[in-house]
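[1] quick check, what structure comes out for this input:
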Amino acid sequence: MSPRVICMGEAMGEIAATPAGFAVGVGGDTFNTAVYLARAGVDCAFASAVGPDPFGQMIRARLIEEGIDDALLFDSDRETGLYAITTRDGERSFHYWRDHAAARHLLRDHAGPLAAAIPQAGVLYLSGITAWVLGAEAGALLALLEAARAAGVMIVFDGNYRPRLWAGQEDRARDLFRRIGALSDLLLPTAEDEALLWGDAGPEQSLDRLSGGSAARIVLKIGAQGALLRQDGRTRHIPVPVPVTPLDTTAAGDSFNAACLAALLAGAPPEDAVLAGHALAARVIGCPGALLPRPVPRRAGHG
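    Residues are numbered from 1 along each chain as shown. Predicted structure coming up:
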């Protein structure tokens, strides 16, 4: 059985513009990854906080529907965050209402239960958005990661950098990302994000900088060109097998990370794990929205 994975971060209400009007749902980067991990058969929990509003209820219901443990999803009297999403030529634009969302107070209000649960996990997954959401309690976040690492928990970090969130705080973002990266075992960054945050001239420079930490393996996503795998001092380019024209790039990285991590936890060679990430991401960007429709179980006796 794969180790239990805890995905920590933020889930929000989602209002998506569609040709038929507006669709209401839920989403968030680590939430999306948790969903795809669970669909891959990984024992998974989601750590966050939601309000008593309808979006909080939808998030909890979706976790139950997907078979994700919600024991670390805490109730709050604060509101659940909300975002609106539009797409044009396959690229997405977001508008957020989340500055005072319940998830931003997760470590302040629920540090004790998290500190007890996370060292019992096999894997802790978080992102650059998690870092922003919990950034007001950066010391508590880093202490939580240090305790997890000391307990032998595998820490996985996707440096999902969003300039609008960190506007005017870029130095703070770099410091926090660097410190989280130094505690991580597996890094799943995106070349475009690394260049925006660090000014890297190209993917190789990003890999060289990231290799200075403790991560035994780095998978750097490079868009349509595929990914670069850095391990044991070697870099291998693993291209996307079949080019895909995106309909909606929402959750491309989230789904890639889930499939890649699930394959690694199942014992797949790293190259095959990256290919699994490519395969799921290709499906996701070919459909509207972050989450593909749930597979319909095949009934016994039917082909």
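[2] ends of stretch 227-240, how far apart?
    With CA to CA, to the nearest Å as the measure, stretch 227-240 spans 8 Å from end to end.
[3] just the C-alphas of stretch 119-139, formatted as PDB.
    In PDB, the C-alpha atoms belonging to stretch 119-139 read as follows (Å, rounded to 0.1, in the frame of the first residue of the first chain):
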ATOM      1  CA  PRO A 119       4.600  13.000  11.600                       C
ATOM      2  CA  GLN A 120       2.400   9.900  11.300                       C
ATOM      3  CA  ALA A 121       2.100  10.400   7.500                       C
ATOM      4  CA  GLY A 122       4.400   8.900   4.900                       C
ATOM      5  CA  VAL A 123       4.300  12.000   2.600                       C
ATOM      6  CA  LEU A 124       3.500  15.700   3.100                       C
ATOM      7  CA  TYR A 125       2.700  17.600  -0.100                       C
ATOM      8  CA  LEU A 126       2.500  21.400  -0.200                       C
ATOM      9  CA  SER A 127       2.900  24.200  -2.700                       C
ATOM     10  CA  GLY A 128       4.000  27.800  -3.100                       C
ATOM     11  CA  ILE A 129       0.400  28.800  -2.700                       C
ATOM     12  CA  THR A 130       0.300  26.900   0.600                       C
ATOM     13  CA  ALA A 131       3.300  29.000   1.600                       C
ATOM     14  CA  TRP A 132       1.400  32.200   0.800                       C
ATOM     15  CA  VAL A 133      -1.800  31.000   2.500                       C
ATOM     16  CA  LEU A 134       0.100  30.100   5.700                       C
ATOM     17  CA  GLY A 135       2.800  32.800   5.300                       C
ATOM     18  CA  ALA A 136       1.600  34.900   8.200                       C
ATOM     19  CA  GLU A 137       2.700  31.900  10.400                       C
ATOM     20  CA  ALA A 138       5.900  31.100   8.400                       C
ATOM     21  CA  GLY A 139       7.800  30.100  11.600                       C
END
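[4] now find how far off-centre it is within its chain.
    11 Å (CA atoms, centre = their mean, to the nearest Å).
[5] elements contacting the lowest-mean-pLDDT helix or strand in the chain?
    Lowest on mean pLDDT, DSSP states H and E among the helices and strands of the chain sits strand 91-97, with a mean of 78. Under the contact definition 3 or more CB pairs under 8 Å, 6 or more residues apart in numbering; DSSP states H and E, strand 91-97 sits against strand 82-88. In short, each C-beta sits where N, CA and C put it, glycine included.
[6] now with 10 Å?
    In terms of contacts (3 or more CB pairs under 10 Å, 6 or more residues apart in numbering; DSSP states H and E), strand 91-97 is packed against strand 12-18, strand 82-88.
[7] now the last one: buried residues?
    What it means is strand 82-88. Buried residues in strand 82-88, counted by 16 or more other CB atoms under 10 Å: Leu82, Tyr83, Ile85, Thr87.
[8] hmm, Ala16 and the first one touching each other?
    No: if you go by CB atoms under 10 Å, Leu82 and Ala16 don't touch, sitting 11.8 Å apart.
[9] what about the helices in the stretch 151-300 of the chain?
    Counting by DSSP state H, counting those that start in this stretch, the segments of the stretch 151-300 of the chain that form helices are 170-182, 191-198, 203-210, 252-265, 270-285.
[10] winner for burial among these?
    Ranked by mean neighbour count, those are led by helix 252-265 with a mean of 26 (mean count of other CB atoms under 10 Å).
[11] now do it: which elements does it pack against?
    Counting contacts by 3+ CB pairs under 10 Å, 6+ apart, helix 252-265 packs against strand 5-8, helix 29-39, strand 123-127, strand 154-158, strand 186-187, strand 217-221, strand 227-231, helix 270-285.
[12] now these in TSV, with distance to Arg164?
    Formatted as TSV, the helices and strands packed on helix 252-265 follow (distance: least, CB to CB, whole Å):
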stretch	distance to Arg164
strand 5-8	22
helix 29-39	14
strand 123-127	15
strand 154-158	18
strand 186-187	23
strand 217-221	20
strand 227-231	25
helix 270-285	22
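[13] how about JSON lines for those, with distance to Leu134 and mean pLDDT added?
    Output for the helices and strands packed on helix 252-265, formatted as JSON lines (distance: least, CB to CB, whole Å; pLDDT from 0 to 100):
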{"stretch": "strand 5-8", "distance to Leu134": "8", "mean pLDDT": "98"}
{"stretch": "helix 29-39", "distance to Leu134": "11", "mean pLDDT": "98"}
{"stretch": "strand 123-127", "distance to Leu134": "9", "mean pLDDT": "98"}
{"stretch": "strand 154-158", "distance to Leu134": "13", "mean pLDDT": "98"}
{"stretch": "strand 186-187", "distance to Leu134": "19", "mean pLDDT": "98"}
{"stretch": "strand 217-221", "distance to Leu134": "23", "mean pLDDT": "98"}
{"stretch": "strand 227-231", "distance to Leu134": "27", "mean pLDDT": "98"}
{"stretch": "helix 270-285", "distance to Leu134": "26", "mean pLDDT": "97"}
